[in-house]
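Engineer: here is my input, please return the structure:
(chains A and B)
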Amino acid sequence: MKGLSVSKAVTALMLAGLVLLPLYSSLSGNIFILTLFTRIVILALAAASLNLIMGFGGMMSFGHAAYLGIGGYAVGMLAQEGVGSGFIQFPVALAASAIYALVIGALSLRTRGVYFIMITLAFAQMAYYVASGLARYGGDDGLTIYKRSDFSGLIDLSNRTQFYYLCLACLFGVIFLIWRIVNSRFGLVVQGLRSNEQRMQAIGFPAKRYQLVCFVISGTMCGLAGALLANNTDFVSPAVMYWTRSGDLMVMVILGGMGTLFGPVMGAVVYLLLEEFLSHITEYWALIMGPLLLLIVLFGRGGIMGVLGRAGRG
Amino acid sequence: MAEPLLRVEKLVRRFGGIIATDNVSLEVASGELHAIIGPNGAGKTTLISQLTGHLAPHSGSVSLAGRDITYLPAYRRCALGLARSFQITSLLLDFTAADNVALAAQAHAGTSFRFFANARKETGLRDAAHAALDRVGLAHRADVLVSKLSHGERRQIELAVALASKPKLLLLDEPMAGLGVTESQGMVKLLQELRKEVSIVLVEHDMPAVFALADRISVLVYGRVIASGDPAAIRQNEDVKRAYLGDQHVVTHHG
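Structural biologist: Numbers count the residues shown, from 1 in each chain, chains lettered A, B, ... in the order given. Next comes the predicted model:
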């Protein structure tokens, strides 16, 4: 018997840490760490959704942050118009993300490779400029959300701990779904298309419709992250859709390990903690972060999960 | 005579000024093994690609069991019973042998828009995959990643994948390409078995194999069919000897 592999052990440790974090926060009185990790968990959810199309589906979307904005603006705009119920806000956020993904996916999936990257980027930038032009909803300055989504007493989003656990439950739920999906008939087809599209066509699978459905599932999941993120910051602005944010999500996925279930979570935790840590040391933290990421990509193929996997075997 | 399984009529495909397929007509009867031979650049792969739907012809028609499939996309033709193997091995390298074959079975076993149940635990698909792997003699390699298999084994997997879709017609694009002598002999033996179950169009350079296997042979030169007939007739055909068989001794020698 080989025992627990290193990557599994580290993953389990990380997940246990995420579950127990509020306990630590309340015992130590460190409220800041809970706020930080709420953000990490939400962005991990976004990264996990991106990983579904990028890691498992081979679709390099460079516009995934658009869903963060769409989910966020769905919550913000409804709140602004006096619709405070989360039971309306969240479904609208998911539906809007799904529709956006359907339209963008149908157009983008006509292209491949670099063109796909560029066209998803272009659409996300369009969404960014559209949001900047929404004068009624704050335009460039963004939109303050005065009241978090109201789930009629079921769960109180203004309570830090409850909100954290809601986000964590969403993350675990999404990862569970992705796990089921990638091992399902549908998931095998999508991964087959990543591996060899010509072969899949030849054995009878029309590529585009499977990829499009996958694209929509991924976008919808990320819309959920957007709705949570807006609640977390009590604010939504065009900046959440900016292309650098899409880049951040890609980096999290690649850093953690593309096409692995928990890689994106690992990537989000490490990336955002590093960012937090380095930005305390120096204003020019990006100067350290950049080379660090380069090293990991160059020498740690398969991201953190890949390195841990090799460590387990070696 | 009954409707042929595959009927190709006056197929034309140009690449710029070059006519790669020049008015090709041929018929494959049900149960037949029809070989297509020709020197390099004769347009064999171009022809196959039009049969499988990876390339659209400029004119002419292709019909399968009486149904016009000239402009159907590849995946629809596959659903109608047309399976192919690739000249250059084209498999899902990061999947196991069993996964590769099971996916082909899955394509023909109901919808693949199932998102929740574990497809690797569907016994129907796994059984079909193992049966096809067993058919080509690779059952013992089922759980090995294709990237870890030898070239010869991959050629066999190509066949298993094609078989798993339970085709009416099998298009084999140089199944012996790159195989050693022993492997080639194994492949010939295998094809001899398979031809009892399924009609086959075989594109192949290996002349001894072609003459051992084919019911009929069509000879393609510069995109045109210059002769079509049984192996004996092709061996005697003066046009074939002149146009194609700079290496005619190969044919006579093995005759």
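
Engineer: ok, which residues in the stretch 151-300 of chain A are in contact with chain B?
Structural biologist: With Cβ under 8 Å from any Cβ of the partner chain as the criterion, the stretch 151-300 of chain A meets chain B at residues A:180-181, A:183-189, A:191-192, A:195-196, A:198-206, A:210, A:213. Bear in mind the C-beta positions are built from the backbone N, C-alpha and C, glycine included.

Engineer: please redo it, this time with the cut-off set to 6 Å
Structural biologist: When proximity is defined by Cβ under 6 Å from any Cβ of the partner chain, the stretch 151-300 of chain A lies next to chain B at A:180-181, A:183-186, A:188-189, A:192, A:195-196, A:198-199, A:201-206.

Engineer: for the chain, what spans make up the strands?
Structural biologist: This is for chain A. A:143-144, A:235-236 (DSSP state E).

Engineer: think we crossed wires, I meant chain B
Structural biologist: Using DSSP E, strands in chain B cover B:6-15, B:18-28, B:33-37, B:59-64, B:67-68, B:82-85, B:169-173, B:199-203, B:216-221, B:224-229.

Engineer: what's the closest of the ones you listed to A:A65?
Structural biologist: strand B:82-85 (41.4 Å; Cβ to Cβ).

Engineer: can you give the strand pairings for that closest one, parallel or anti for each?
Structural biologist: Under the criterion DSSP bridges, strand B:82-85 sits next to strand B:169-173 (parallel) in its sheet.

Engineer: relative to strand B:199-203, how tilted is the strand it pairs with?
Structural biologist: 10 degrees (axes from the mean of the first three to the mean of the last three Cα atoms, to 10 degrees).

Engineer: circling back to that earlier point, the residues of the stretch 151-300 of chain A next to chain B, buried ones only, as a ChimeraX selection?
Structural biologist: To isolate the buried ones among these in ChimeraX, judged by 16 or more other Cβ atoms under 10 Å in any protein chain shown, type:
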select /A:181,183,184,185,186,188,189,192,195,196,199,201,202,203,204,205,206
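
Engineer: next step: the residues of the stretch 151-300 of chain A next to chain B restricted to helices.
Structural biologist: Taking DSSP state H, the ones among those that sit in helices are A:180-181, A:183, A:185-186, A:188-189, A:192, A:195, A:198-199, A:201-202.

Engineer: quick one, helices of the stretch 51-200 of chain B?
Structural biologist: Ranges of helices within the stretch 51-200 of chain B are B:74-79, B:97-106, B:123-135, B:151-164, B:181-194, based on DSSP state H, counting those that start in this stretch.

Engineer: setting aside sequence neighbours, what's the nearest residue to A:S195?
Structural biologist: B:L92 (4.1 Å; Cβ to Cβ, 6 or more residues apart in numbering or on different chains).

Engineer: any idea how far the one you found is from A:P238?
Structural biologist: From B:L92 across to A:P238, the span is 41 Å (Cβ to Cβ, to the nearest Å).

Engineer: the more surrounded of these two?
Structural biologist: Here B:L92 and A:P238 are compared on neighbour count by other Cβ atoms under 10 Å in any protein chain shown; more neighbours surround B:L92, at 25 against 22.
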